[in-house]
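Enquirer: quick one: sequence and predicted model below, then my questions.
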Amino acid sequence: MTTAGRVAAVETALGPTEIVLHILAEAREFASLEAYTRSIIDQPDDAAPLDRITAAAEASVRAAMKGASRQDIDVAVRHAVGDGIFTFVLVLQLNGAALDIARVEGLRASATFFWMGSLLGGPRERDREPADRAEHSREQVSAWHSWRSVVAGLVATRTIEEDAREQLEACYLAGQSSLLPDAEGEWSSFAELVDRIWSLAENLVPLSRAEERRASKEGAQLFDDRVRDRARKLADDARISTFDRLGENSRALAILERRLERGVETS
């Protein structure tokens, strides 16, 4: 039996999630999604991930439902194939989102670091004319609070994305990490930079007691809502793409309509 035949034999015994995890483990052997794609570009069509998912999911269902009616088998096959495609597309969505955020927000984090240097560099209060010192002091306080607000936004973006990704991985990937090496590396660099700047912010512009009380009272629920909304958006984007691939455009449209309704409700 060829290597491809042995892989196919293994995959036909797996459910949709396990098939995707099997492919994800293969992809992690490469430096990036692009490198993995290049490795299979000259192989037969049935070596492509979506073709493998479709074939394996169908074979697994048919093997498990021997003796059932054709109609029941066809329905189960369609569900299994849809689940497999959705899970794979979700993995792609999570990797793409991690790369996009790490690159764009990473630039913002770097700019914030240089902004901090400018604030620390002066001009200092003693370098100002006595008549200007009070106004200068107020401007400095305002600038530092604006800086801290931007840093807090970076921390929120990083944490919300990580928590939403973790929720989706727990729900659809049996808790396995979805990130491929390139996305994982860029995300780690971004997260480390944000952590470093936030640590400086806590020392340079500490929260007042009133701010701490307000943050602890209002922040937790707002944060949980934002994590839930982000996870729902990522999953819905994957569902829309999946329904489009399956030719179920009405179901994709229904998700978009619900999203618009939620937008109207919260506007």
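Expert: Nice, I can see it. Numbers count the residues shown, from 1 in each chain.
Enquirer: tell me the helices in the stretch 1-150 of the chain, going along the chain?
Expert: Ranges of helices in the stretch 1-150 of the chain, per DSSP state H, counting those that start in this stretch, are 3-11, 16-27, 33-40, 49-64, 70-121, 133-172.
Enquirer: want to throw the ones you listed into a markdown table with mean neighbour count, distance to residue 190 and mean pLDDT?
Expert: To be clear about C-beta, it is placed using only N, CA and C from the backbone, and glycine gets the same treatment. Formatted as a markdown table, those follow (neighbours: other Cβ atoms under 10 Å; distance: least, Cβ to Cβ, whole Å; pLDDT from 0 to 100):
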| stretch | mean neighbour count | distance to residue 190 | mean pLDDT |
| --- | --- | --- | --- |
| helix 3-11 | 13 | 34 | 47 |
| helix 16-27 | 20 | 21 | 94 |
| helix 33-40 | 15 | 18 | 91 |
| helix 49-64 | 19 | 27 | 92 |
| helix 70-121 | 17 | 4 | 95 |
| helix 133-172 | 16 | 7 | 91 |
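Enquirer: out of the ones you listed, which gets nearest to residue 231?
Expert: When the helices of the stretch 1-150 of the chain are compared by Cβ to Cβ, helix 133-172 sits nearest residue 231, at 4.0 Å.
Enquirer: who are the packing partners of the closest one?
Expert: Under the contact criterion of 3 or more Cβ pairs under 8 Å, 6 or more residues apart in numbering; DSSP states H and E, helix 133-172 touches helix 70-121, helix 181-204, helix 209-245.
Enquirer: among those helices, which comes closest to residue 142?
Expert: helix 70-121 (10.9 Å).
Enquirer: any idea of the angle that closest one forms with helix 33-40?
Expert: Put simply, helix 70-121 runs at 140 degrees to helix 33-40, going by axes from the mean of the first three to the mean of the last three Cα atoms, to 10 degrees.
Enquirer: report pLDDT for residue 130.
Expert: pLDDT recorded at residue 130 is 66.
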